[in-house]
Structures are given as structure tokens and as C-alpha cells.
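3D, please:
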Amino acid sequence: MIKGLNGLGGAAIGALMVAGLGVSGPALADGAGWFLGGMVTSRVLGNMERNTQANEAQAYRQQQPQPVQQAAPPARATPEQQLQQLDRLAAGGYITPEEYKAKRQAILQRM
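Here you go, the predicted structure:
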């Protein structure tokens with residue numbers, strides 16, 4: 001990217017561009033060529049600058065972490081499912097008979 005090419009630098013490059021496009025010597029002699037060349041050059045360089053900024057912005061956005069979709073919380077088990085699970089825990093010896101009675105009573109009260 002070329003920065004700081006305004007004034008004489010931009011006009012000189014613009015004049016070279018206009019000269020390359022076939023504009024005759026007299027058109028350059030009265031300053032119109034310099035003016036037109038500077039206009040063309042500033043337009044081209046401005047477009048290049050905007051394109052570069054747009055590309056940099058797009059690259060920056062692509063590097064940003066995307067929001068993570070969180071899974072929905074698991075559905076609450078129905079009282080019947082809770083009682084079945086409680087029965088399995090008691091049958092497997094994972095809970096005491098007192099714990100079984102207390103939990104069963106709590107499930108039935110919530111119904």
C-alpha cells in the first residue's frame with residue numbers, strides 16, 4: 001500500500017499515468033495534465049486504501065471467536081421416572097432404606 005502520495009508526488013505519478021494513456025505534450029504543458037493525473041492517482045490510491053481497510057476488517061472479524069451455542073438444559077424427569085430411578089438405586093444398594101423412604105415421600109409430595 002502506498003501512503004502519503006499527495007501533492008507533487010501524486011501529481012507526478014498521475015502525469016506519468018496520463019502520459020502513458022496518450023495525452024499529448026501541450027495538454028501537460030498548461031497544467032491540466034498534472035491536475036487530471038493527480039485526480040486519477042488520488043482516486044486510484046483512495047480505492048486501494050478502502051479495499052485494504054475492508055480486507056483487514058474482514059480478516060479481523062474472521063479471527064474473532066464465534067458465539068458458542070449452549071445445549072438446552074436436560075428435561076426434568078417426571079415423577080414416575082424419578083420413582084423408577086429411586087427404586088433402581090435402592091435395589092442396587094446405593095441408598096439406605098431410610099433415604100429411600102425420605103426421597104420417595106419428597107417425590108410424592110411434589111406431585
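
CA only for contacts and neighbour counts going forward, please
Noted.

low-scoring stretches of the chain, by residue?
Low-confidence segments of the chain, defined by pLDDT under 70, are located at 1-30.

longest helix in it, by residue count?
Secondary structure of the chain per DSSP state H: the longest helix is helix 32-63.

can you give me the buried ones in the following helix or strand past that helix?
If you walk from helix 32-63 toward the C-terminus, the next helix or strand you reach (DSSP states H and E) is helix 79-91. If you call a residue buried by 16 or more other CA atoms under 10 Å, then helix 79-91 has these buried ones: Gln82, Leu83, Leu86, Ala90.

following element in sequence after helix 79-91, please.
Sequence order places helix 97-110 as the next helix or strand after helix 79-91, per DSSP H and E.

got the domain ranges for this structure?
According to automatic domain parsing, the chain comprises the domains 8-63, 79-110.

and the residue nearest the centre of the protein?
Computing the C-alpha centroid of the chain and ranking residues by CA atoms, centre = their mean puts Arg61 first, at 3.2 Å.
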